[in-house]
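Engineer: Sharing a sequence plus its predicted fold:
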Amino acid sequence: MTETSVSFKTLGLDSSLVQALDALGYSKPTPIQAQAIPHLLEGKDLCGIAQTGTGKTAAFALPSIHYLTANPQARPQRGCRMLILSPTRELASQIARACTDYTRNLRMSVNAVFGGVPIGRQMRMLDRGTDILVATPGRLLDLIDQRALVLKDVEIFVLDEADQMLDLGFIHALRRIDKLLPKNRQTLFFSATMPKTIQELSSQFLSDPVTVSVAPQSSTAERVEQFGVFVNQSEKQALLTITLKDTPGLDRALVFTRTKHGADRVVRHLEAAGLPAAAIHGNKSQPQRERALNAFRNGRLKILVATDIAARGIDVPGVSHVFNFELPNVAEQYVHRIGRTARAGRDGQAISFIANDERSYLRSIERLTRVKLQILPLPENFVMEKELLPHPAPMRPERDSRDSRGRGGPGRGRGGFGGGAPKPGFNHAHSNKGGDDRGGSGERPRRPRRPMTKGVRAVGRS
Ligand code: AMP
């Protein structure tokens, strides 16, 4: 992760926060933190153009926690002082975990509410009130409709991953939530991309905002070693299995498929070949998703297969390889995907499997990232290796990845990308020009600015 020359202390953050950051090993603010924190401490609205991996969670959480501590209030019953909206459950629990870490030396309550888990406990928690609430839009509105939550006490509102919110169809939910929030609040709006629709949305939520932008998409892409292999769609599974078996230094691999069924299919094939894997996507229950993600996070599971939506915003340190089983048809999505690796200054590799009909996607990706993928040939002995791979058992009802047993036995055979090419550790560039192509709403009233008192904002709640 890129660091800056300023320190958290000089930014004026509360000393108990600085201590918590020390304990977490955050020595210096990242660029988004250095840029955003001073404005946020002044109580300004912020429009942040940044992706996950830049340190944006701390960028919005730290000054907000500083403010909440400096301006103590009772926890509002059936309410919260700070509301963070996240598009996915995984990201919501990740943000809540980060806020819990940052508030470890403070008396502050952090809670997350999202769908897929019983609502009763969330209602009871809200009855007592919470300082910080992280929520997905659907469950938030459910809780409001059930009169378990009101938003009138929100002092700070964070909308995270706005572009993803729109992709997921949350626009109406967001408009409704906007109407329920007090006008006199601070709003922080984050999006990885800023197309016109997002700009329009941001102007609805923000009042006279400061804009900060870090790591334009192309620069994230530049930090990742990017490879492509031209391969028939029907041979991608074999290529994935062989590559995963034979790639040295593969700590954690995230495999992206375009569909949920595709993700399940890939998992079945990998497991049949003796490679334990799990899938996360929208058809999995919340406990299944959490279990898979935890196993991946703590290193018990090396291969996670995901659809874009399930994986978006997930921060798992140490993802060594990202595989694009299919290329995404939206170039920005490619950047989100490969942003899962090469985080926190580590090296990462992204390997894309490109079928003939995906070449136009490749062109738009290369145009966006301004990086040309290094094309690798298929592994040596690919055809022979492919024939030796076991076939998975026919589809069974959903099951736990923990229960599944591969039948193929690991480490069989030799793969390796062919023609004197590098081993599939993909550590060397290999140019095989052309590749081994085997065919293969209206204005919101302006909010009065919160008056400032030396690094501490007065509560501007009406
Ligand atoms: P985010 O973009 O918020 O998802 O953060 C990405 C990762 O960077 C998370 O694992 C954070 O814990 C970590 N991180 C955030 N800020 C810093 C910092 N200043 N120094 C080191 N790591 C950080």
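Structural biologist: Right, received. Where do you want to start? Numbering: from 1, shown residues only.

Engineer: Show me which residues of the protein sit near the ligand.
Structural biologist: Proximity of the chain to the ligand, by Cβ under 6 Å from any ligand atom, involves residues 1, 26, 28-30, 33, 52-58, 315, 317, 344. For glycine as for every other residue, the C-beta is placed from the backbone atoms N, C-alpha and C.

Engineer: Among the residues you listed, which one sits closest to Leu46?
Structural biologist: Lys56 (10.5 Å; Cβ to Cβ).

Engineer: By neighbours, which of the residues of the chain next to the ligand wins?
Structural biologist: Neighbour counts for these, by other Cβ atoms under 10 Å, peak at Gln33, which reaches 31 neighbours.

Engineer: And the helices in the stretch 1-150 of the chain, which stretches?
Structural biologist: Ranges of helices in the stretch 1-150 of the chain, per DSSP state H, counting those that start in this stretch, are 15-24, 31-41, 56-70, 89-102, 119-128, 137-145.

Engineer: which stretch among those helices comes nearest Ala292?
Structural biologist: With Cβ to Cβ as the measure, helix 89-102 is the member of these nearest Ala292 (10.1 Å).

Engineer: now the angle from the closest one to helix 15-24?
Structural biologist: Relative orientation of helix 89-102 and helix 15-24, computed by axes from the mean of the first three to the mean of the last three Cα atoms, to 10 degrees: 110 degrees.

Engineer: where does the chain dip in pLDDT?
Structural biologist: Residue ranges of the chain with pLDDT under 70: 1-5, 215-222, 312-313, 342-346, 393-462.

Engineer: That one - how does it break down into domains?
Structural biologist: 3-213, 224-388 (automatic domain parsing).

Engineer: Over to the shortest one now: how far is its first residue from its last?
Structural biologist: Looking back up the chat, that one is domain 224-388. This stretch, domain 224-388, spans 32 Å end to end (Cα to Cα, to the nearest Å).

Engineer: likewise stretch 184-199?
Structural biologist: Stretch 184-199 end-to-end distance (Cα to Cα) = 21 Å.

Engineer: Can you tell me which residue of the stretch 101-250 of the chain sits closest to the ligand?
Structural biologist: Of all residues in the stretch 101-250 of the chain, Asp101 sits closest to the ligand, at 7.8 Å by Cβ to the nearest ligand atom.

Engineer: what number of residues lie near that residue?
Structural biologist: 16.

Engineer: Count the residues that sit near the residue nearest to it when sequence neighbours are not counted.
Structural biologist: Ranked by Cβ to Cβ, 6 or more residues apart in numbering and with sequence neighbours excluded, the top spatial neighbour of Asp101 is Leu24, at 5.9 Å. Residues lying near Leu24 (other Cβ under 10 Å) number 13.

Engineer: my guess is Leu24 contacts Thr100, does it?
Structural biologist: No: counting by Cβ atoms under 8 Å, Leu24 stays clear of Thr100, with 11.3 Å between them.

Engineer: Surely Glu90 and Ala292 touch.
Structural biologist: No: checked against Cβ under 8 Å, the pair Glu90 and Ala292 is beyond contact range at 10.1 Å.

Engineer: what do these two both touch?
Structural biologist: Ile280 (Cβ atoms under 8 Å, 6 or more residues apart in numbering).

Engineer: Pull out the buried residues from the helix or strand hosting Lys386.
Structural biologist: Here Lys386, judged by DSSP states H and E, is contained in helix 382-388. Within helix 382-388, the residues that count as buried by 16 or more other Cβ atoms under 10 Å are Phe382, Glu385, Lys386.

Engineer: Please apply the same query to stretch 83-93.
Structural biologist: Counting neighbours by 16+ other Cβ under 10 Å, one finds that the buried residues in stretch 83-93 are Leu83, Ile84, Leu85, Ser86, Pro87, Thr88, Arg89, Glu90, Leu91, Ala92, Ser93.

Engineer: For it, C-alpha coordinates in CSV please.
Structural biologist: Taking C-alpha atoms only, stretch 83-93 is exported to CSV below (Å, rounded to 0.1, in the frame of the first residue of the first chain):
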residue,chain,number,x,y,z
LEU,A,83,-24.8,5.2,9.2
ILE,A,84,-22.6,3.4,6.7
LEU,A,85,-24.4,1.9,3.7
SER,A,86,-22.7,-1.0,1.9
PRO,A,87,-23.9,-2.8,-1.2
THR,A,88,-23.1,-6.3,0.0
ARG,A,89,-23.2,-8.3,3.2
GLU,A,90,-19.5,-9.2,3.0
LEU,A,91,-18.4,-5.7,2.6
ALA,A,92,-20.7,-4.6,5.5
SER,A,93,-19.2,-7.1,7.9
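
Engineer: change the start of the numbering to 34 and stick with it
Structural biologist: Will do, 34 is the new start, and the previous item becomes stretch 116-126.

Engineer: Please identify which helix or strand holds the closest residue to the ligand within the stretch 334-483 of the chain.
Structural biologist: Going by Cβ to the nearest ligand atom, the ligand is nearest to Asp348 of the stretch 334-483 of the chain, at 4.3 Å. Following DSSP H and E, one finds Asp348 outside all helices and strands.

Engineer: Was I right to think it contacts Thr87?
Structural biologist: No: Asp348 is beyond contact range of Thr87, at 10.7 Å (criterion: Cβ under 8 Å).

Engineer: what about Ile177, distance to Arg111?
Structural biologist: Applying Cβ to Cβ, to the nearest Å, the value for Ile177 to Arg111 is 10 Å.

Engineer: pretty sure Ala311 belongs to a strand, no?
Structural biologist: Yes: assessed with DSSP: H, G, I helix; E, B strand; the rest coil, Ala311 lies in a strand.

Engineer: Any figure for the gap between it and His424?
Structural biologist: Distance from Ala311 to His424, by Cβ to Cβ: 20 Å.

Engineer: do Gln319 as well
Structural biologist: 31 Å.

Engineer: neighbour-wise, which of those two wins?
Structural biologist: Gln319 (14 against 11).

Engineer: Next up, the contacts around the residue lying closest to the more buried one once chain neighbours are set aside.
Structural biologist: In space, and not counting its chain neighbours, Gln319 is closest to Gly149: 3.1 Å by Cβ to Cβ, 6+ apart. Gly149 makes contact with Arg122, Ser318, Gln319, Arg322, according to Cβ under 8 Å, 6+ apart.

Engineer: can you rerun that using 10 Å?
Structural biologist: When contacts are counted by Cβ atoms under 10 Å, 6 or more residues apart in numbering, Gly149 touches Arg122, Thr169, Gly171, Arg172, Gly315, Lys317, Ser318, Gln319, Pro320, Gln321, Arg322, Glu323.

Engineer: Looking at these, which is nearest the ligand?
Structural biologist: Using Cβ to the nearest ligand atom, the contacts of Gly149 come closest to the ligand at Arg122, 15.5 Å.

Engineer: number of nearby residues for the closest residue to the closest one other than its chain neighbours?
Structural biologist: Leaving aside its sequence neighbours, Arg122 sits nearest to Phe147 (Cβ to Cβ, 6+ apart; 4.1 Å). With neighbours defined by other Cβ under 10 Å, the count for Phe147 comes to 22.

Engineer: For Phe147, give me its contacts.
Structural biologist: Contacts of Phe147 by Cβ under 10 Å, 6+ apart are 119, 121-126, 129, 155, 167-173, 319.

Engineer: ditto for Ala271
Structural biologist: With Cβ under 10 Å, 6+ apart, Ala271 has these contacts: 264-265, 302, 306, 411-412, 415-416, 418-422, 448.
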